[in-house]
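K.L.:
Pasting the sequence and the predicted model now:
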Amino acid sequence: MNIKKTNIFILIFILLLSYLFISTVQADFIDTEFKDIIHEAIQKREETVILEYNISIEDVDLENIQNLIDKTMQETDDYTASAVNSWELNIKGTTEKIELNINFDYHRTPEMEEYVFSQVQNIYAKIITEDMVIDEKIKAISDYIAKNVLYDETVNKNSAYEALKYGMSACEGYAQLTYLLLKEAGIKNIIISGWLNEPHAWNMVKIEEEWYHLDTTQIAGHLDKHGEAAYNEYLITDKAISFTHDWEDNKYPQAITLYKERLQKLKKENELYEKLWEDLNINYLQEAKTVSSHEELEQRIKKAFLKQEKQISFRSFENIFSVSLLKDIISNVVQKQSQYKGIKIKVFPLYLRDEKENSIIVELRLLWDNTQ
């Protein structure tokens, strides 16, 4: 009689211990193992994931599992997350065991991804050298994308794969390719989903402790016939990009420091930053390069005519400079210059660089009898 009672007690104890163990496994799989499995599956672009657990189907928190899948997606890198088009969760089981069946639908096949990663490595090897500083790497990557990817007005092509395969994409492809090349360079960056009159994607880049906006789609769109960029949307602040872009800023880091402040400090120590300063048109922000009134504009033009300058350029503002005003000034001074033959005018915005909404760069080419 005592032996039977002892056996019953042991059996009950084992059952309780087993129940406690299963509950612990449930918690462990939810918090760590499950997320790791899903993350690895997405990285490999696996279409189906089947998992079995010794848990009663009555104890399964379906909403919690769905939230964990969403959280795993949010915690993965931006490019991988962009690969997933949709996912579906199905659960079946008994009071003793369950089976989770998770189906993923991807925008791109594993073969397409292999092509992308291979091309990214090839491009990186061509445009980046070991002695480059982070600022040079960012510019080299931005320049490459701007000059080698055309914007797809139909928006039918909209991925890094299509940007690389066909040399054409809408904004998502620009942002993805920028992300991958910067990541290959070891530069922390993220993809922003926002608006520019319509849904739009661009990047934020971290340099040391500061974040900056970088929109390679817009930089590519501002190339002139010589392939030179205005660099308006290049490493700019929240305030500057907010003139044209909208985004949910509470979801992303703040960008509050002007990039020119970084270069202004560093160019005193290394001449390569001086070159970046000029290449990015930041030198136009100096007072000596700025025309701030109609009188200053007239004096600048008169000086150019007096010296028969072939090219002049300066920063001004939309309420100061206009082509009609320029022509009026020229008509007043041209009578004294019989060798003057004409002028070519180029005007492009600078406002995103200095956070002043109507700031512009004016480039003038004066044609003389001795101009070749």
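P.N.:
Ah, there it is.
K.L.:
Could you list the domains of this protein?
P.N.:
Domains of the chain are assigned by automatic domain parsing as 2-106, 110-280, 285-368.
K.L.:
Quick test: name the residue nearest the centre of this protein.
P.N.:
Nearest residue to the geometric centre of the chain (CA atoms, centre = their mean): Asn203, 1.6 Å.
K.L.:
Could you give the bridge partners of that residue?
P.N.:
Beta bridges link Asn203 to Ile191, Leu214, judged by DSSP bridges.
K.L.:
where's it relative to Lys307, distance?
P.N.:
Using CB to CB, to the nearest Å, Asn203 is found at 44 Å from Lys307. C-beta here means a position set from N, CA and C on the backbone, and glycine is covered the same way.
K.L.:
what do you get for Gln121?
P.N.:
The gap separating Gln121 from Lys307 is 51 Å, by CB to CB.
K.L.:
For the nearest residue to Leu62 once chain neighbours are set aside, list the residues it contacts.
P.N.:
In space, and not counting its chain neighbours, Leu62 is closest to Ile91: 6.6 Å by CB to CB, 6 or more residues apart in numbering. Ile91 makes contact with Ile57, Val60, Leu62, Ile65, Ile98, Glu99, Leu100, Asn101 under the criterion CB atoms under 8 Å, 6 or more residues apart in numbering.
K.L.:
so which of the domains of the chain is the most packed in?
P.N.:
Stretch with highest mean neighbour count among the domains of the chain: domain 110-280 (a mean of 18; mean count of other CB atoms under 10 Å).
K.L.:
average pLDDT across that domain?
P.N.:
Averaged across domain 110-280, pLDDT comes to 92.
K.L.:
Mind checking which of the contacts of Ile91 land in strands?
P.N.:
Judged by DSSP state E, the subset of these located in strands is Ile98, Glu99, Leu100, Asn101.
K.L.:
possible to save the residues you listed as CSV with pLDDT?
P.N.:
Putting the ones in strands among the contacts of Ile91 into CSV (pLDDT from 0 to 100) gives the following:
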residue, pLDDT
Ile98, 89
Glu99, 90
Leu100, 90
Asn101, 92
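K.L.:
what's the host helix or strand of Lys341 in contact with?
P.N.:
Assigned by DSSP states H and E, Lys341 belongs to strand 340-349. The contact list for strand 340-349, computed with CB under 8 Å, 6+ apart, reads 222, 224, 230, 232, 305, 321, 323, 326, 330, 334, 359-369, 371.
K.L.:
The stretch 201-350 of the chain: helices as residue ranges?
P.N.:
216-221, 238-241, 259-266, 271-279, 294-306, 323-333 (DSSP state H, counting those that start in this stretch).
K.L.:
Show me how far the helix or strand hosting Asp135 is from its chain's centre.
P.N.:
For Asp135, the enclosing helix or strand under DSSP H and E is helix 134-148. Here helix 134-148 is found 12 Å from its chain centre; the criterion is CA atoms, centre = their mean, to the nearest Å.
K.L.:
how about it as PDB, C-alpha atoms only?
P.N.:
Extracted in PDB, the C-alpha atoms of helix 134-148 (Å, rounded to 0.1, in the frame of the first residue of the first chain):
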ATOM      1  CA  ILE A 134      35.000  57.700 -44.900                       C
ATOM      2  CA  ASP A 135      34.000  61.000 -46.500                       C
ATOM      3  CA  GLU A 136      35.800  60.000 -49.800                       C
ATOM      4  CA  LYS A 137      34.100  56.500 -49.700                       C
ATOM      5  CA  ILE A 138      30.600  58.100 -49.400                       C
ATOM      6  CA  LYS A 139      31.200  60.500 -52.300                       C
ATOM      7  CA  ALA A 140      32.700  57.700 -54.500                       C
ATOM      8  CA  ILE A 141      29.700  55.500 -53.900                       C
ATOM      9  CA  SER A 142      27.200  58.400 -54.400                       C
ATOM     10  CA  ASP A 143      28.900  59.500 -57.600                       C
ATOM     11  CA  TYR A 144      29.000  55.900 -59.000                       C
ATOM     12  CA  ILE A 145      25.300  55.400 -58.400                       C
ATOM     13  CA  ALA A 146      24.300  58.800 -59.700                       C
ATOM     14  CA  LYS A 147      26.300  58.300 -62.900                       C
ATOM     15  CA  ASN A 148      25.400  54.700 -63.600                       C
END
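K.L.:
So which elements touch it?
P.N.:
Contact partners of helix 134-148 among helices and strands, from 3 or more CB pairs under 8 Å, 6 or more residues apart in numbering; DSSP states H and E: helix 110-127, helix 171-184, strand 199-207, helix 216-221, strand 234-236, helix 259-266, helix 271-279.
K.L.:
still on that earlier bit, quickly run through the sheet partners of the helix or strand containing the residue nearest to Leu62, with directions.
P.N.:
For Ile91, the enclosing helix or strand under DSSP H and E is strand 84-93. Strand 84-93 has its sheet partners listed here by DSSP bridges as strand 98-106 (antiparallel).
K.L.:
Touching the partner strand from outside, list them.
P.N.:
Under CB under 8 Å, 6+ apart, the answer for strand 98-106 is 38, 41-42, 45-53, 55-57, 60, 65, 69, 83-93.
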